[in-house]
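Colleague: how does the following fold in three dimensions:
(one chain, ligands or ions: 1)
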Amino acid sequence: MASKINVGVVGCGYWGPNLIRNFASLHDARLRAVCDLNVQRLKHIQDLYPNVEGYTDYSRFLAEGKLDAVVVATSVGLHHPMAKAALEAGKHVLVEKPLARSSAECLDLIDVAQRKGVVLMVGHTFLYSSVVRRIKQIVDAGDIGEIRYISARRLNLGLFQKDINVTWDLAPHDLSIILHIFGEVPHGLNCSGSPTVSARVQDITTMWLGFSKNRSAIVQSSWLDPRKIREMTIVGSRRMIVYDDTAPLEKIRVFDARVESPPHYDTFAEFHYAYHYGDQYIPYVKQEEPLKVECQHFIDCARYNHRPVSDGQQALNLVRILEASSRSLELNGARIDLADFGATSPSQSPAPGSTNGSSNGNGKHASQAESTSGNGHSSKSATAEPPSAAPSPAKRRPRKTAAALRKVRSSALSA
Ligand SMILES: NC(=O)c1ccc[n+]([C@@H]2O[C@H](COP(=O)([O-])OP(=O)(O)OC[C@H]3O[C@@H](n4cnc5c(N)ncnc54)[C@H](O)[C@@H]3O)[C@@H](O)[C@H]2O)c1
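Modeller: Numbering: from 1, shown residues only. Prediction:
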């Protein structure tokens, strides 16, 4: 592998420039080419990065860009065809979230990446957040007791999308964090919402997800709120964590608060809940730009053939949840059994924040990504999400044969 990984980014709209900025800043990556149909966007990027080649034609970008790795930051409908073409051309590929429009498309990309022996990674940016890693550490250390439920709210005004509803746009971030904290996929969900502004696309939704041991999560997503809210509450049996991602510094607070029911009582009159209100504390978290950590992790995975923290399987689990949410919306909020969507526990996936001892899913040995920088939300919006935290070491995963992969796929699709 060359001393620097040659990177090209397709999609220079809202989010693409954040990826471009980060790849341009990495010492072991070379931003070689960018691609966008919109020549004004291309010119804007080339004004900022004069040495970068600009293409309006994606096929030429792939064929002539001299690229080792391709980053796809176009609308969701283009993720699968663009990622597939890049993988078939032997490039390592990072695709923005969600990986694709369907689990069938995800499985296809996983299959091609495996066949070509290249890295497929999805931009679940929050898995690279130092704040999310800190929360996971607190939970895993047992500080808050047994998790009872998690609630997440991601609200703002816009940005309205035409091809996906608000769940597909905003919930992937919350879902990736929730799955990471629980360490498993939900067994079922329901989702309700309305197309308030447009006639067809739901712009406000609420999803309930059920997990083992009677644990649950609620995810509220909205493009119709005057304030930008990025809030998650993790309720444990002993303590509770409130994570406010819009807070400039102190993003996590741990509350020594709980409610207990009396162990023994003979009559209902004797029944009293015991409320405990204790102190709260603010854990220290090193500020890093999660997106920079994510980009560095992708470069490390490409260089050393590591399995990414946010690999194809994680992306597939998340897309299956999104598919199930769409089904529930079609059925006016009916409960959907996730087993019907073939979701599998992410427990085999590498845990973010650990050092990497894994493979890229193609049987090659993996290593570890180091986290890097500060805090970089773009001013454009609403959907902008932070990346932070160093990816953790992935566990070594045995190479899946093409036959095994086909088996997984056929059982998932026949379910
Ligand atoms: N990780 C995050 O926090 C985050 C935040 C926002 C968006 N995103 C994701 O980033 C992706 C892009 O979102 P966005 O808001 O930047 O969209 P956008 O519409 O602003 O930008 C997409 C760009 O792709 C270009 N494009 C369209 N068709 C093309 C083609 N055939 N060839 C080349 N270029 C083409 C468009 O001209 C446009 O400039 C989406 O997948 C979205 O989910 C991620």
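
Colleague: so which bits of stretch 88-95 are buried?
Modeller: Within stretch 88-95, the residues that qualify as buried are 89, 91-95, counting by 16 or more other CB atoms under 10 Å. From N, CA and C alone the C-beta is placed, and that goes for glycine too.

Colleague: meant to ask about stretch 185-203, not that
Modeller: 185-186, 188-193, 201-203.

Colleague: just the element for the residue of the chain found nearest the ligand, please.
Modeller: Residue nearest to the ligand within the chain: Gly13 (1.9 Å; CB to the nearest ligand atom). In the assignment (DSSP states H and E), Gly13 maps to no helix and no strand.

Colleague: thinking again about what came up before, out of the buried residues of stretch 185-203, which is nearest to Ser221?
Modeller: Gly193 (8.0 Å; CB to CB).

Colleague: could you dump the buried residues of stretch 185-203 to TSV with distance to the ligand and secondary structure?
Modeller: TSV is the format used below for the buried residues of stretch 185-203 (distance: CB to the nearest ligand atom, whole Å; DSSP: H, G, I helix; E, B strand; the rest coil):
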residue	distance to the ligand	secondary structure
Val185	21	coil
Pro186	22	coil
Gly188	25	strand
Leu189	21	strand
Asn190	24	strand
Cys191	18	strand
Ser192	22	strand
Gly193	18	strand
Val201	14	coil
Gln202	16	coil
Asp203	16	coil
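
Colleague: give me phi/psi at the residue of the chain closest to the ligand?
Modeller: Note on Gly13: backbone dihedrals following degrees, to the nearest 10 are phi -80, psi -120.

Colleague: related to what we said a few turns ago, which of the buried residues of stretch 88-95 fall in strands?
Modeller: Members of these lying in strands (criterion: DSSP state E): 92-95.

Colleague: how about those, which pair is most distant?
Modeller: His92 and Val95 (11.0 Å).

Colleague: can you list residues touching both of these two?
Modeller: Residues touching both His92 and Val95 (CB atoms under 8 Å, 6 or more residues apart in numbering): 120-121.

Colleague: re earlier: need the ones in strands among the buried residues of stretch 88-95 in CSV (columns: pLDDT and distance to Val76).
Modeller: Listed next are these as CSV, based on pLDDT from 0 to 100; distance: CB to CB, whole Å:
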residue, pLDDT, distance to Val76
His92, 98, 20
Val93, 98, 15
Leu94, 98, 15
Val95, 98, 10
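
Colleague: what's opposite the closest residue to Lys43 other than its chain neighbours in the beta bridge?
Modeller: Leaving aside its sequence neighbours, Lys43 sits nearest to Gly54 (CB to CB, 6 or more residues apart in numbering; 7.6 Å). Beta-bridge partners of Gly54, counted by DSSP bridges, are Val34.
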